[in-house]
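>>> Could you work out the structure for the sequence below:
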Amino acid sequence: MTREFIVEADGGSRGNPGPAGYGAVVIDAASGETLAEAAEFLGVVTNNVAEYRGLLAGLRAARDLDPSAHVHVRMDSKLVVEQMSGRWKIKHPDMKPLATEAARVLPADRVTYEWIPRAENKHADRLANEAMDAGLRGERWSASRSTAEPDARVEVSERASSPTAPAAPRRGRGAETCAAPPRGRDQPPPARTVTTADAPASDTRAARNTATAPQPASGWASPDMGAPATFVLLRHGETPLTPQKRFSGSGGTDPALSPVGLGQARAAADALARRGTIEVVLASPLTRTRQTAAAVAERLGLDVTVDDGLRETDFGAWEGLTFGEVRERHPDDLNAWLADPEAHPTGGGESFAETATRIAATRDRLVAAHAGRTVLLVTHVTPIKTFVRLALGAPAESLFRMELSAASLSAVAYYRDGNASVRLFNDTSHLRP
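Here you go, the predicted model:
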């Protein structure tokens, strides 16, 4: 007999973006017994990303219990339910890969979705808040110390009827249920009118968490936030392509540093040695960044760890060309790319929206791993500009309004309350004679 599970999931962010976490619980649909709980502190992410991470954790926990089970997902995020149901298009670059990943956990015909009021999602909500509280204490969430209250949920008979019948959607306490959509979920759904009351742009839980949680301080973080995770961002030294201003991303010839670039790397190493605070050196996997990082690490007596998340954007068919050459050969593609962060270079490559998703995930992972430490990230123009843009909350077009020189230094500090402070940008004083 096919087992039937209910997954209740939630996520929240105190600041949006801010310190965030998720909670998820798997329940036996027949008995109401709690079979599994999951919760995790995510570092600094948005409310909606945390909700999707909660969904993923719940689906994976259900699959681990029984990969052949039918699963009925209940969430109080209208955004996630509507997007996973195919009625709202997924546009945000941070959520597209998460939604795609969620759709792959279990076959679509074995998962249904239902929106529920927040009051009926207390168990997952409390797990998410426990995870955030633990993370802000510098701890990991522990199931053994959880005080989430399973009895706060509605009775199983009120949740849903059989989760195995997508052709006859369940109705539970007035909530709407729908079968999971096909994998091609990013295709535009049928036209519909969204009113202010149900628009997902600023999900109501963001306001709820902001109102009830400790607020990020404006300006400089308060002293009780502790030492931030500080990323010192070093652009690699010059390559033969740099003075020619040619596109040089992760999909091209991977040039090495020129003699000038090697000298710039040594100058940056001397400057960072004088600074005396670098504890970890991370580098993009490309040759020019690894060479620059090696010069610094040797001077500081540290090792270099390669992190693929720091690689440059892949510029597709534009690799090795100047801006003028691209304008001449691919004018329409270039105009689209300049106007829309989701547009791709000619021949594929990576859009700026996709780069931002990757950099945001890398940032969150590294902030969580290096809280209170000063870390050198040796990387490229687009990643560094993206770190700065995200810290400032600036729009995507701001990437075209920043000048970033070879071997320049920038710095961003990330505090535990979700604040980010840009402390330095495009400093080249160490390169002066």
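>>> in the stretch 301-433 of the chain, which spans are helices?
323-329, 331-339, 352-369, 381-392 (DSSP state H, counting those that start in this stretch).
>>> Show me how far the third one is from its chain's centre.
Right, helix 352-369. Distance of helix 352-369 from its chain centroid, counting by C-alpha atoms, centre = their mean, to the nearest Å, is 5 Å.
>>> ok, now stretch 1-8?
With C-alpha atoms, centre = their mean, you get 29 Å for stretch 1-8.
>>> any idea which of the helices of the stretch 301-433 of the chain is most buried?
Greatest average neighbour count among the helices of the stretch 301-433 of the chain goes to helix 381-392 (a mean of 22), per mean count of other C-beta atoms under 10 Å. From N, CA and C alone the C-beta is placed, and that goes for glycine too.
>>> can I get the helices of the stretch 301-433 of the chain in TSV with distance to residue 46 and mean pLDDT?
Conversion of the helices of the stretch 301-433 of the chain to TSV gives the following (distance: least, C-beta to C-beta, whole Å; pLDDT from 0 to 100):
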stretch	distance to residue 46	mean pLDDT
helix 323-329	33	95
helix 331-339	24	93
helix 352-369	9	92
helix 381-392	11	95
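>>> Double-check that residue 264 belongs to a helix.
Yes: according to DSSP: H, G, I helix; E, B strand; the rest coil, residue 264 belongs to a helix.
>>> Surely it is in contact with residue 408?
No: Residue 264 is not in contact with residue 408 according to C-beta atoms under 8 Å; the separation is 9.3 Å.
>>> So between the two, which is more surrounded?
residue 264 (26 against 22; other C-beta atoms under 10 Å).
>>> That one: what's it in contact with?
Contacts for residue 264 were tallied using C-beta atoms under 8 Å, 6 or more residues apart in numbering; they are 237-238, 257, 292, 406-407, 431.
>>> any idea of the pLDDT on it?
pLDDT recorded at residue 264 is 97.
>>> So for residue 228, which of the helices of the stretch 301-433 of the chain sits nearest?
helix 352-369 (8.8 Å; C-beta to C-beta).
>>> could you check the angle helix 331-339 makes with that closest one?
Between helix 352-369 and helix 331-339, the angle comes out at 40 degrees (axes from the mean of the first three to the mean of the last three C-alpha atoms, to 10 degrees).
>>> just use 7 as the starting number from now, easier for me
All right, first residue 7 from here; so that's helix 358-375.
>>> orientation of helix 358-375 relative to helix 387-398 in degrees?
70 degrees.
>>> Helix or strand: which one has residue 246?
Assigned by DSSP states H and E, residue 246 belongs to no helix or strand.
>>> Give me the neighbour count for it.
16.
>>> next one: residue 427
Counted with other C-beta under 10 Å, the neighbours of residue 427 add up to 16.
>>> Tell me what it is bridged to.
Here residue 427 shows beta-bridge partners residue 419, assigned using DSSP bridges.
>>> quick one: low-confidence parts of this structure?
154-231 (pLDDT under 70).
>>> Pick out the most distant pair among the contacts of residue 270.
For the contacts of residue 270, and using C-beta to C-beta, no pair is farther apart than 263 and 437, which are 14.0 Å apart.
>>> the more surrounded of these two?
Neighbours were counted for residue 263 and for residue 437 using other C-beta under 10 Å; residue 263 has more, 25 against 17.
>>> quick one: the more buried one and residue 247 touch, right?
No: taking contacts as C-beta under 8 Å, residue 263 lies outside contact range of residue 247: 11.0 Å.
>>> can you count the residues close to residue 34?
Residue 34, neighbours per other C-beta under 10 Å, totals 16.
>>> if you skip the residues just before and after it, what's nearest to it?
In space, and not counting its chain neighbours, residue 34 is closest to residue 41: 5.7 Å by C-beta to C-beta, 6 or more residues apart in numbering.
>>> Compare the helices of the stretch 307-439 of the chain and give me the one nearest residue 134.
The nearest among the helices of the stretch 307-439 of the chain, by C-beta to C-beta, is helix 358-375 at 16.0 Å.
>>> what helices or strands is the closest one leaning on?
strand 40-51, strand 235-241, helix 387-398 (3 or more C-beta pairs under 8 Å, 6 or more residues apart in numbering; DSSP states H and E).
>>> what's the angle from it to strand 235-241?
Using the same axes, to 10 degrees: helix 358-375 against strand 235-241 is 130 degrees.
>>> Give me the most central residue, the chain.
For the chain, the residue sitting closest to the mean C-alpha position, by C-alpha atoms, centre = their mean, is residue 367 at 3.7 Å.
>>> who's in contact with that residue?
residue 315.
>>> coming back round to it: wait, doesn't the residue nearest to residue 34 sit right on residue 13?
No: at 10.1 Å, residue 41 does not count as touching residue 13 under the criterion of C-beta under 8 Å.
>>> Show me which of the two is the more surrounded one.
Between residue 41 and residue 13, residue 13 has the larger neighbour count (other C-beta under 10 Å), namely 27 against 16.
>>> Hmm, residue 41 and residue 11 touching each other?
Yes: the criterion here is C-beta under 8 Å, and residue 11 meets it with residue 41 at 7.2 Å.
>>> Please enumerate the shared neighbours of the two.
Joint contacts of residue 11 and residue 41 (C-beta under 8 Å, 6+ apart) are 32-34, 71.
>>> Now the two most distant members of those.
Farthest pair in the shared contacts of residue 11 and residue 41 (C-beta to C-beta) is 33 and 71. Separation: 10.7 Å.
>>> which element is the nearest residue to residue 14 once chain neighbours are set aside on?
Nearest non-adjacent residue to residue 14, counting by C-beta to C-beta, 6+ apart: residue 130, 4.6 Å away. Here residue 130, judged by DSSP H and E, is contained in helix 128-142.
>>> neighbouring contacts of that helix?
14-18, 20, 25-31, 40, 43-49, 56, 60, 64, 81-82, 124, 146-148, 152-156, 158-159, 219, 374, 422.
>>> try 7 Å this time
14-18, 20, 25-31, 43, 45-47, 60, 124, 146-147, 152, 154-156, 158-159, 422 (C-beta atoms under 7 Å, 6 or more residues apart in numbering).
>>> what do you get for stretch 50-62?
15-19, 22-30, 48, 79, 81, 83, 85-86, 100-101, 104-105, 107-108, 111, 130, 134, 209, 211-212, 215, 370, 373, 420, 424.
>>> How many residues are close by the closest residue to residue 269 other than its chain neighbours?
Once flanking residues are discounted, residue 269 sits nearest to residue 243: 7.5 Å by C-beta to C-beta, 6+ apart. Residues contacting residue 243 under the criterion other C-beta under 10 Å number 27.
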